[in-house]
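*Asks:* heads up, no residue letters with this:
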């Protein structure tokens, strides 16, 4: 930090740190939500009734084939127009939830909510494809062997297919999680004060473009390196049990 202080004032470093925390917050929210929704979409596309499968396929097509920035603009500018005025006013107002022991939690800003919704739905389309590929990567003989043992369809999925599918899909899933962290930078376009937004603020006020974006880049690199380290650990602890036969 001493070296960084020679380039940027502590105040500016504080802005960047706060922006980095927002990046972590939105990523930590989007990753589990996109994983859960992606799992549902993948299952629907992998053998559900035709109507549900078509709907899931259409979802993936829409959100994969349109730019994330356009989707963020839609959720921030377009979607509120479909809500009653009272709802829009409530979303844009400041709210605080009182918790026990004198703790208070502020309701996220509308910009944060819009960014999280847009990034979650966009990422869900990609995460679902990784999970679906994992399900398809399990050898057909695994299902056949389980059915021969008298296991029900739900038991086959839970105890045989799903554990192997997760191991197959884990490395590419971690890659999608890295993309979520990086894609969160686009939420600055709708006013989310994440690290890229903070870097732009610092650059505007201090005119130190290189220093501001160098620190922001360092935060991104460290975060992605951490996820990459988790990926390597996961590969060692949970290697694929087998592919296609």
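*Replies:* In hand now; what should we look at? Bear in mind that the values here come from a model prediction, so they are computed numbers and not experimental data.
*Asks:* Show me what stretch 82-90 is in contact with.
*Replies:* Identification of contacts with stretch 82-90 by C-beta atoms under 8 Å, 6 or more residues apart in numbering yields 80, 91. Quick note: C-beta positions are derived from backbone N, CA and C, even for glycine.
*Asks:* what's the average pLDDT for that stretch?
*Replies:* The pLDDT scores in stretch 82-90 average 81.
*Asks:* now swap in stretch 202-217 and tell me
*Replies:* Mean predicted lDDT for stretch 202-217 stands at 91.
*Asks:* first to last residue in that stretch, what's the distance?
*Replies:* End-to-end distance for stretch 202-217: 14 Å, by C-alpha to C-alpha, to the nearest Å.
*Asks:* what sits up against it?
*Replies:* Taking C-beta under 8 Å, 6+ apart as the rule, stretch 202-217 contacts 4, 7-9, 12-13, 15-16, 19-20, 195-196, 198-200.
*Asks:* Kindly recompute the last result at 6 Å.
*Replies:* Contact with stretch 202-217 is made by 7-8, 12, 15-16, 195, 199, as judged by C-beta atoms under 6 Å, 6 or more residues apart in numbering.
*Asks:* what about the closest residue to residue 160 other than its chain neighbours, how many neighbours?
*Replies:* Distances taken as C-beta to C-beta, 6 or more residues apart in numbering place residue 146 nearest to residue 160, at 4.5 Å, with adjacent residues excluded. Neighbourhood size, residue 146 [other C-beta atoms under 10 Å]: 18.
*Asks:* Go ahead and list the helix or strand containing residue 146.
*Replies:* Using DSSP states H and E, residue 146 maps to helix 140-148.
*Asks:* what about that helix, distance to the chain center?
*Replies:* 34 Å (C-alpha atoms, centre = their mean, to the nearest Å).
*Asks:* what does stretch 114-132 give?
*Replies:* The answer for stretch 114-132 is 7 Å, by C-alpha atoms, centre = their mean.
*Asks:* let's have the chain start at 46 instead
*Replies:* New numbering, starting at 46: the last item is stretch 159-177.
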